[in-house]
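Participant: Below is the structure, and that's it, no one-letter string:
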């Protein structure tokens, strides 16, 4: 039964303490109406607080628009000014002004964090300007996440006794156990999240039956597949990998685990790094190729043989024209010699993957010419979404059953990413019924408002209990089915059962935290907050120390592929706190320019140019792309993972710029113009 104010009784129960002004985390299952409860709290807050200012933080760009159009605008828009701001909207460039002029602002956490640390008046926001801070999917408030960076500012002010601070309202379907498998550690994890959010955690106690009635759990099935009896294609790939192992002649202390597993992938990633560090290009290159073979084995395990073959063929397509020495010739030659054989094995339908047949039958049970069904198929990688879509489109039985499928993956920059616009269109078509099957990576597991599905399939996925709960929460239609397609005795089944246990453990841990007396709870929170503050200060000084371990001028950047030195650390400057660019005009001779980069969105001070890659002989290693800054400066914007660093302590590889061991100065636009266009200035 609906109650006053349009909330259900169980929602009223969980917002009660928040309405009294306390900091609260609301824990309700997916589909339990957390956002509606938050809107209700925001409404009451706006009605009763002088100079109220509500900021709603989300962790994915598409959720800004969703919360705005579905919840906050319809319920608050006629009395209050509600504004959505994401990285794609112009408002982010004068965010301070937007916050000043609005009652409710919905934005990604990164935008708020940037404005807390930005000194420009039009962009700056103080926590004290906000009276209510709502944090969606707040279980992400841990470690180095941007939610936690925002909350660290909050906790630091709280510890110093600085007032006023906003009231905090967190929303989550599952705080998880942080990987803990025993109760004590799970309790510690929940307490840590409470401390990070400076909030108590609340769930329904008196209205559990009503909640269960409102949020039906799907029927779960394990659709188990026998191992394929023969796999000549996979066996052939493994034989080729053995030949590469022999060619490398690795020392006895370097062990590679079983081919075709995640562990093997981890081993060859480390081997590539060791090759770079020890100036052993043969190891580094062989490791890169072995990773591709392993990738093909993993694809062969979940998708069709031809998908696995195609992924290798795509990789080698670029390698035929590049190659510097004997190692390259050996690796490319090995593939060329086996190409015809691999292609014919991949086309032999007798050995096709039994998981695909099982997936087909799971789909056909729910879809048919006269059945109105809606489903989501979750798989692991972007690549696999494309392979599965191709399979659905070319599978006669699935087409006859009327399946209309589309891909849904995360928004981001790059060739295989969807733009927000494409995401919105896909979800709209799904909502309207023009599509009835979404093939998705984990982006749709969390937060996305997707209409009631009667089928959710998890296919070849190993994830944690939070993701599992989010995914099963997408099957909201009555009598819906949640299917796990997996191999007999395989890891997916084991993982899924572990997750069920962890989900239960989360509930028990939360109950334990809720049983603490008010005094005891706040004492523990305070302790954890002080500990976190101290260890962060220590980590910051360590980081600062690491940053200055080498002088910029003493570090050389080498191409990660051919090991040619191409730049000095002192050539690198930081633009707008975001882009690491090389300002040395001589750097031009080391790279060649490729195609134009399309990012599907615009930026305030810069636009993307063309890709840049290594110009050394036939190397062609991709390095990044040029950016045009303030319409004047054309600067190569480099990804550090494509280089090795030669330092006084030896050769290093890092994944991200934040991990480098030398200081980088900020880019000065004036100096750049003086050096490059002196006539313009005088």
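Facilitator: Good, I have the coordinates. The structure presented is a predicted model; accordingly, all values stated were derived computationally and were not measured. Numbering: from 1, shown residues only.

Participant: element containing the closest residue to residue 293 other than its chain neighbours, please.
Facilitator: Using C-beta to C-beta, 6 or more residues apart in numbering and skipping residues adjacent in sequence, the residue nearest residue 293 is residue 241, 5.1 Å away. For every residue, glycine as well, the C-beta is placed using N, CA and C. Secondary structure assigned from DSSP states H and E places residue 241 in helix 232-248.

Participant: Could I get the contacting residues of the residue nearest to residue 293?
Facilitator: 259, 290, 293, 294 (C-beta atoms under 8 Å, 6 or more residues apart in numbering).

Participant: what do you get for residue 201?
Facilitator: Applying C-beta under 8 Å, 6+ apart to residue 201 gives the contacts 24, 25, 27, 175, 190, 193, 194, 510, 513, 514.

Participant: redo that, cut-off 6 Å
Facilitator: For residue 201, the contacting residues are 25, 27, 194, 510, by C-beta atoms under 6 Å, 6 or more residues apart in numbering.

Participant: ok so the third one is a strand residue?
Facilitator: The reference is to residue 194. No: assignment of residue 194 by DSSP: H, G, I helix; E, B strand; the rest coil gives helix, placing it outside any strand.

Participant: distance of it from residue 59?
Facilitator: With distances taken as C-beta to C-beta, to the nearest Å, residue 194 is found 18 Å from residue 59.

Participant: neighbour count winner among those two?
Facilitator: A side-by-side neighbour count of residue 194 and residue 59, using other C-beta atoms under 10 Å, places residue 194 first with 24 against 20.

Participant: got the contact list for that one?
Facilitator: Taking C-beta under 6 Å, 6+ apart as the test, what residue 194 contacts is residue 201.

Participant: cool, and residue 17?
Facilitator: When contacts are taken as C-beta under 6 Å, 6+ apart, residue 17 is in contact with residue 24.

Participant: got it, and residue 96?
Facilitator: 115, 122, 123, 124, 125.

Participant: helix or strand for it, which one?
Facilitator: For residue 96, the secondary-structure element it belongs to, assigned by DSSP H and E, is helix 95-101.

Participant: could you give the mean pLDDT of that helix?
Facilitator: Along helix 95-101, the predicted local confidence has a mean pLDDT of 96.

Participant: Check which element follows it along the chain.
Facilitator: Counting by DSSP H and E, the next helix or strand C-terminal to helix 95-101 is strand 104-108.

Participant: Can you tell me what sits against that next one?
Facilitator: For strand 104-108, the external contacting residues (C-beta under 6 Å, 6+ apart) are 54-56, 58, 61, 64, 67-68, 72, 76, 80, 82-86, 99.

Participant: ok now it, how far from the chain's centre?
Facilitator: For strand 104-108, the distance between its averaged C-alpha position and the chain's averaged C-alpha position is 20 Å (C-alpha atoms, centre = their mean, to the nearest Å).

Participant: again with stretch 190-205
Facilitator: Put simply, stretch 190-205 sits 24 Å off its chain's centre (C-alpha atoms, centre = their mean).

Participant: And it, end to end?
Facilitator: Looking at stretch 190-205, the gap from its leading to its trailing residue is 18 Å under the measure C-alpha to C-alpha, to the nearest Å.

Participant: in it, what counts as buried?
Facilitator: Taking 16 or more other C-beta atoms under 10 Å as the basis for neighbour counts, the residues of stretch 190-205 that come out buried are 190-204.

Participant: Next: stretch 574-592.
Facilitator: In stretch 574-592, counting by 16+ other C-beta under 10 Å, buried: 575, 579, 580, 581, 582, 583, 587, 590, 591.

Participant: Would you agree the fourth one falls within a strand?
Facilitator: To tie it back to what came earlier, the one meant is residue 581. Yes: assessed by three-state DSSP, residue 581 belongs to a strand.

Participant: Let me see the contact set for it.
Facilitator: Applying C-beta under 6 Å, 6+ apart, we find residue 581 in contact with 573, 575, 635, 637.

Participant: need these in TSV with distance to residue 499, can you?
Facilitator: Written out in TSV, the entries for these read as follows (distance: C-beta to C-beta, whole Å):
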residue	distance to residue 499
573	46
575	43
635	46
637	40
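
Participant: which of these count as buried?
Facilitator: 573, 575, 635, 637.

Participant: shouldn't the last one be in contact with residue 627?
Facilitator: So that's residue 637. Yes: in terms of C-beta atoms under 6 Å, residue 637 counts as a neighbour of residue 627; the distance is 4.6 Å.

Participant: what pLDDT does residue 147 get?
Facilitator: The per-residue pLDDT reported for residue 147 equals 98.

Participant: residues near it, how many?
Facilitator: Neighbour count of residue 147, defined by other C-beta under 10 Å: 25.

Participant: and residue 130, backbone torsions?
Facilitator: Comment: the main-chain dihedrals of residue 130 come out as phi -100, psi 140, following degrees, to the nearest 10.

Participant: Around it, how many other residues sit close by?
Facilitator: Using other C-beta under 10 Å as the criterion, residue 130 is surrounded by 21 other residues.
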